[in-house]
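Q: Just to be clear, the model below is a prediction. Sequence and coordinates:
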Amino acid sequence: MKHLGAVACGHEVTASAAEAVLRDGGNAFDAIIAAFLTSCVVEPVLASLGGGGFLLAHTADRRNLVYDFFAHTPMQPLAKSELDFYPIHADFGTTTQEFHIGRASIATPGSVKGIFSIHEDLGTMPMAVLAQPAIEAARYGVKMSPFQASILNIIAPILTATEESRRQYQSRQRSDSLIESGELFRQPQVADFIEVLASEGADLFYRGEIAHSIAGLCAHGGQLTLQDLAGYRVELRKPASVDYQQHQVLTNPAPSCGGSLIAFALSMLEHVNIAGFEFGSRGHLQ
């Protein structure tokens, strides 16, 4: 039986990783894992192995479920006076937004445990194979896109807050600038990390050498501990459901509020004939 697939990603290298997996016989979940790992390399501001997320899955045996691997708040908060936690301002052009950074802003990451849980339950190809596009992109580099370069500049106060981060994102052409559009962005240490992670599994990150490195970083002004990392669990949830235009839409349930907002928006649109508006018109956008 012929299987068809579609891929939508924020970067062409990310999309190519997913497409290659599908062409090689992998399923949708294999493609998602490959794409996510690659996006952490080529879209580092928008995706991170130090972050978290959700996956809404429809499986081959017609089950619907949500993998919740969002970041968790550390269990043992420090006194406010002990926190390494301070504001920076990101300039988006038309508005400025305040973010707080520092060691105390680090939550318990869920991304690594999430992709390994999805792989164990639903994947079909070896993790080492799925990680290969990300490893190659990190080791040999990708050209920085105009969009990614613009995002780097917006959050420059975050990326230059520590010497390690500044070196990671520093332009190889101009030492006083972050990587610019068109420059080759290479991350050999990230390539080595993903390669070892794919081989050794999630315990490397949550109980092993990486866990100890993260906890050591957070020991001075941070709140994340080895106990937080070792105790992290992925939650499987039943999707929330909303009816819209004679269709059933599945989305993220509580405690996330995103699904509730989607359901609310769809309920507002239930009696609006969107097709009657010209795409991009004032009425369509309203």
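A: Nice, thanks for sending it over.
Q: so who does residue 253 touch?
A: The contact partners of residue 253, taken as C-beta atoms under 8 Å, 6 or more residues apart in numbering, are 66, 237-240, 259. C-betas here are computed from N, CA, C, even on glycine.
Q: Tell me how far it lies from residue 264.
A: Distance of residue 253 to residue 264, computed by C-beta to C-beta, to the nearest Å: 14 Å.
Q: Same check on residue 136?
A: Per C-beta to C-beta, residue 136 is found 42 Å from residue 264.
Q: Of all residues in this protein, which one is nearest the centre?
A: By C-alpha atoms, centre = their mean, the chain has its centre lying nearest to residue 47, at 3.1 Å.
Q: in terms of contact, does residue 214 touch residue 229 like I think?
A: Yes. The pair residue 214 / residue 229 is scored as a contact, 6.6 Å apart, by C-beta atoms under 8 Å.
Q: Going by residue numbers, what spans are strands in this protein?
A: Here the chain has its strands, by DSSP state E, at 53-58, 64-69, 86-91, 96-101, 142-143, 184-185, 235-237, 240-244, 247-251.
Q: How about the backbone phi and psi for the residue nearest to the centre of the chain?
A: phi -140, psi 140 (degrees, to the nearest 10).
Q: Could you report the distance from it to residue 111?
A: 8 Å.
Q: Find the nearest non-adjacent residue to residue 27, please.
A: The shortest distance from residue 27 to any non-neighbouring residue, by C-beta to C-beta, 6 or more residues apart in numbering, is to residue 124 (5.4 Å).
Q: Tell me how many other residues crowd the one you found.
A: 12 (other C-beta atoms under 10 Å).
Q: go on, residue 264?
A: By other C-beta under 10 Å, the residues close to residue 264 number 12.
Q: please begin residue numbering at 13 from this point
A: New numbering, starting at 13: the last item is residue 276.
Q: residue ranges with poor pLDDT in the chain?
A: Judged by pLDDT under 70, the chain has its weakly predicted residues at 13-14.
Q: rerun that using 80 as the cut-off
A: Counting by pLDDT under 80, the chain has low-confidence residues at 13-15, 297-298.
Q: tell me the domain boundaries of it?
A: 24-96+115-153+198-249, 253-297 (automatic domain parsing).
Q: Of these, which stretch is the most buried?
A: Mean neighbours per residue, mean count of other C-beta atoms under 10 Å, is largest over the domains of the chain for domain 24-96+115-153+198-249, with a mean of 18.
Q: ok so, going back, so what sits against both of residue 59 and residue 123?
A: Common contact partners of residue 59 and residue 123 (C-beta under 8 Å, 6+ apart): 48, 52.
Q: possible to save the contacts of residue 265 as a markdown table with distance to residue 201?
A: Converted to a markdown table, those look like this (distance: C-beta to C-beta, whole Å):
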| residue | distance to residue 201 |
| --- | --- |
| 78 | 33 |
| 249 | 35 |
| 250 | 40 |
| 251 | 38 |
| 252 | 40 |
| 271 | 37 |
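Q: Just flag the most distant two among these.
A: With C-beta to C-beta as the measure, no two of these lie farther apart than 250 and 271, at 11.4 Å.
Q: which ones are touching residue 179?
A: By C-beta under 8 Å, 6+ apart, no residues touch residue 179.
Q: Go again with 10 Å.
A: Taking C-beta atoms under 10 Å, 6 or more residues apart in numbering, we find residue 179 in contact with residue 172.
Q: Residue 104 too?
A: Contacts of residue 104 by C-beta under 10 Å, 6+ apart are 166-167.
Q: any shared contact partners between residue 250 and residue 271?
A: Common neighbours of residue 250 and residue 271 (C-beta under 10 Å, 6+ apart) are 78, 262, 265.
Q: Residues in a beta bridge with the first one, which ones?
A: Just to be clear, that refers to residue 78. Taking DSSP bridges as the rule, residue 78 bridges to residue 68, residue 249.
Q: All good on my end, thank you.
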